[in-house]
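Student: Could you work out the structure for the sequence below:
(one chain, ligands or ions: 1)
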Amino acid sequence: MKWHEMRSEEVMNSINTDADSGLTSKEVQKREQKFGYNELKEADRPSAILVFLSQFKDFMVLVLLAATLISGLLGEYIDAIAIIAIVIVNGVLGFFQERKAEKSLEALKELSAPQVMVLRDGDWMRILSKELVPGDVVKFTNGDRIGADMRLIETKSLEVEESALTGESLPVQKSVQPIVAQDVGIGDLTNMVFMGTLVTRGSGIGIVVGTGMNTAMGQIADLLQNAETMDTPLQRRLEQLGKILIVVALFLTVLVVGIGVLQGHDIYNMFLAGVSLAVAAIPEGLPAIVTVALSLGVQRMIKQKSIVRKLPAVETLGCASVICSDKTGTLTQNKMTVTQVWSGDKLWNVSGAGYHPHGEFLHQDKVVDVPKTKTLQQILTFGTLCNSAGIVERDGQFILDGDPTEGALIVAAMKAGLKKESLLRNFEVVEEFPFDSTRKMMSVVVKDKAGKRFVVTKGAPDVLLGVSKSILWNERQEDLSSVYETKVKNAIESLASQALRTIAIAFKPLQEREKVNTSFEAEKELVFIGLQGMIDPPRPEVKQAVKECRDAGIKTVMITGDHIITAEAIAKQLNILPTNGKVMEGKDLSALTVEELEEIVDEVYVFARVSPEHKLKIVKALQNRGHIVAMTGDGVNDAPAIKAADIGISMGITGTDVAKEASSLVLVDDNFATIKSAIKEGRNIYENIRKFIRYLLASNVGEILVMLFAMLLALPLPLVPIQILWVNLVTDGLPAMALGLDQPEGDLMKRKPRHPKEGVFARGLGWKVISRGFLIGIATLAAFMIVYYRNPDDLAYAQTIAFATLVMAQLIHVFDCRSEKSIFERNPFENLYLIGAVISSVLLLLVVIYYPPLQPIFHTIPILLRDWLLILGLSAIPTFLLAGSLLTRKSTKTMV
Ligand code: ATP
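Tutor: Just a heads-up that it's a prediction; the model follows:
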């Protein structure tokens, strides 16, 4: 028999599992060994050797190797071996860089791997989806992605979208009934759910019957191997820039070689020097270093509780100019406590805090006996019956299982001695229409002991008012006239203005044969009973984060399904809403076109009573105004807006799989302050990338110019090929990496957001590269000329001096690269990686100059102490000459 033909019990028997306690850990272990991980096989990756070899496929490196080979054949063994060694070391470094980038991207994928709720050893727990084994009992709800193929054993209004398998985008209704028909296709298997499909409504429980390649998805897995390319805009721009730089570097190299040959230099020597220069000057490793810097930044972000799902988001984060944030759970703590209950113009205060079910009901400061106050008891009872959450006691702690809003209602009832378990003994819930943020209501059909059925609905009070026909007023049912309506509205406003989230309760008795098949049928002609108001305190760190964002030129907008007055009150507490800022409601938003919204959107700081559909409109209007929008969301319906936003953000705790998959950033702690930290990190990563681009390119300009000028002045070669390659490897590599780990500048979050179209060389970076590079070239040449003319017979000594000056000039310049303004702005000892990189570069320089066995290889001669003064003096010029001029400019400015 096939799974779908069996009854639930038969499924359990044949797969040997138990719906009440799940598998035991021992059994899970056994099955894991037998069936392996619940994963689809991925396409084979290039082997380590191939990745290593690919480091040498660069055209110029091949030319260099060929040239070296020739020099080896001509008898220049030492040079040849040294150059090849350096090229290999370079390749090894490139290989590790690439591996590191790949590994950290891989680790990221793991972090955002989907999880599932599974029943094992009698407890529900969250595990990674890949750990599922056949026989596991799995629970899923609205917004979850199904982790394996399962036979359903329980469904509540369950609908699943299976387009990934069937191509059919309309959701399929599911049930547990066995299917007996012959030859059924996947689309007809309504009592099964399949790996990779999406729960769009309701909830269900299933038993895993297929995992990994043994699923319907596994059978078509080969078709799904379309790896996404994740290059960031900057990486793409750098690749283009790289191509231009190759041409420029080649042109200049040819120029150097051409002039050198014309000046009478040996063709072969010039050729080798030229090729070495080209290899050194072409920043072929730049995109790889950028990836490493990005992924190291991403790892720092993980420590600050944000997970980047798409690398380009790191860059876009730095450009964000508006953050649209959900209220509940992101700006607030989502720790709800009912503090007031209202019905028929009576108000009860509720004491106690958190989910601890101890507290009292007070009316006009007097404790009331709830069982004697019928309406109050009814509100509390109904709040618990129409509720899918639970409160469990564990070691004296009361723990919420489910939605905090619903938990608060259960706790309020418990304070009056009304426990969910005992209530469910008297009332049976026979039908459930789950909450959704578009309807803003939830309903159940309940049957009491006498067999009488009635609907209980809870939801947003203004919405419930709209579907109510009558009202319970002092225990009497009255028509809901406009007088009563006004009274209820006043009560809602009074609770909301205290920043309370309000939930209304209503009910409706059903006739004996009356059928309720849809939420629409349930939620009409209700009897309104009353309100429960709950506090949800703001997260303490949010106010400061909102301020920091404002200082950084980023506007915070609150988007919430909550009541307009509640939203406004909280927005004021958090300083999100300025005095002249506007608050807008979902229904007004519906009446506007995107274009109309665009006109006013800049003035609006709070959107209240919105549905997820409105979010897309808000994103579009803001984007049309030229904003770079970060938008948060957690539900299935939020996905389109999250996708459309420049930075889609989902919630790690409350977010559905659908929202997470659509997002580029996941907040592990659902906290708004984490968005701020991520933006700060995003800005810092970008600035650090700019820092090392500046450093590397200025160094390269210096290297090329010293050779070019020397040739133009008919001088001998100031640097020998191996020295050029050494500079490329040591001086350019280590400090550049360390710059990628630099601390942010103090005013990083005081600057306006960066324009997303901003070029690599914007904000004066191009000028800095050329001017500093030019000066490095000149300083090196000067050092060379001074020593060469002092003793023209000792060319190698002059070359050693030039070599040391070039290295030292770069190592001093690296500190200047840390600031957009001036080297004096920053404490040079702050970045310990950089200090380490600079010290090791200097030590390596001293080793190749003073360690005799290396001297013939690097063509170096020990430098005399007095010449170090010359070297240090000249190498400081490129950095301090211009830094000094900036400083004077700054001080004259302040004097004026
Ligand atoms: P956001 O998370 O976007 O800040 P929200 O969580 O307050 O907003 P929704 O969850 O859409 O927004 O809730 C909207 C309204 O629906 C609430 O103000 C409340 O009155 C009502 N509501 C919320 N949760 C439930 C629920 N579980 N059952 C019934 N009504 C609910």
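
Student: what sits against whichever residue of the stretch 401-550 of the chain sits closest to the ligand?
Tutor: When distances are taken as CB to the nearest ligand atom, the stretch 401-550 of the chain reaches nearest to the ligand at Ser437, 3.1 Å away. (C-beta placed from N, C-alpha, C; glycine too.) Residues near Ser437 by CB atoms under 8 Å, 6 or more residues apart in numbering: 561, 611-612, 635, 637.

Student: so where do the helices sit in the stretch 101-250 of the chain?
Tutor: Under the criterion DSSP state H, counting those that start in this stretch, the stretch 101-250 of the chain contains helices at 163-166, 216-219, 233-262.

Student: what residues does the stretch 601-750 of the chain put near the ligand?
Tutor: For the stretch 601-750 of the chain, the contact set with the ligand under CB under 6 Å from any ligand atom is empty.

Student: Would you mind listing what in this structure touches the ligand?
Tutor: Counting by CB under 6 Å from any ligand atom, the positions of the chain adjacent to the ligand are 326-328, 403, 405-406, 435, 437, 440-442, 458-460, 501-503, 559-563.

Student: Filter these down to just the ones in helices.
Tutor: Using DSSP state H, the members of the residues of the chain next to the ligand that fall in helices are 405-406.

Student: Got a quick PyMOL command for the buried subset of the residues of the chain next to the ligand?
Tutor: The following PyMOL line selects those of these that are buried, judged by 16 or more other CB atoms under 10 Å:
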select buried, resi 326+327+328+403+405+406+435+437+440+441+442+458+459+460+501+502+503+559+560+561+562+563
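
Student: what number of residues lie near the residue lying closest to His563 once chain neighbours are set aside?
Tutor: Computed as CB to CB, 6 or more residues apart in numbering, the closest residue to His563 that is not its neighbour in sequence is Ala496, at 4.6 Å. Ala496 has 25 neighbours, counted by other CB atoms under 10 Å.

Student: Could you verify my assumption that Ala496 touches Ile535?
Tutor: No: using CB atoms under 8 Å, Ala496 is not in contact with Ile535; the gap is 11.7 Å.

Student: measure Ser519 to Phe433 for me?
Tutor: From Ser519 over to Phe433 the distance is 4 Å, taken as CB to CB, to the nearest Å.

Student: Kindly report the same for Ile559.
Tutor: 25 Å.

Student: Check Thr375 too.
Tutor: Noted for Thr375: a distance of 24 Å to Phe433, by CB to CB.

Student: Which one's more surrounded, those two?
Tutor: Comparing Thr375 with Phe433 by other CB under 10 Å, the one with more neighbours is Phe433, at 26 against 18.

Student: Are we agreed that that one is in a helix?
Tutor: No: looking at Phe433 with DSSP: H, G, I helix; E, B strand; the rest coil, it is strand, so not inside a helix.

Student: next helix or strand past the helix or strand encompassing Trp767?
Tutor: Here Trp767 sits within helix 765-790, counting by DSSP states H and E. Per DSSP H and E, helix 765-790 leads on to helix 795-816 as the next helix or strand towards the C-terminus.

Student: Can you spell out which helices and strands pack onto the helix holding Trp767?
Tutor: Counting contacts by 3 or more CB pairs under 8 Å, 6 or more residues apart in numbering; DSSP states H and E, helix 765-790 is packed against helix 672-712, helix 795-816, helix 865-895.
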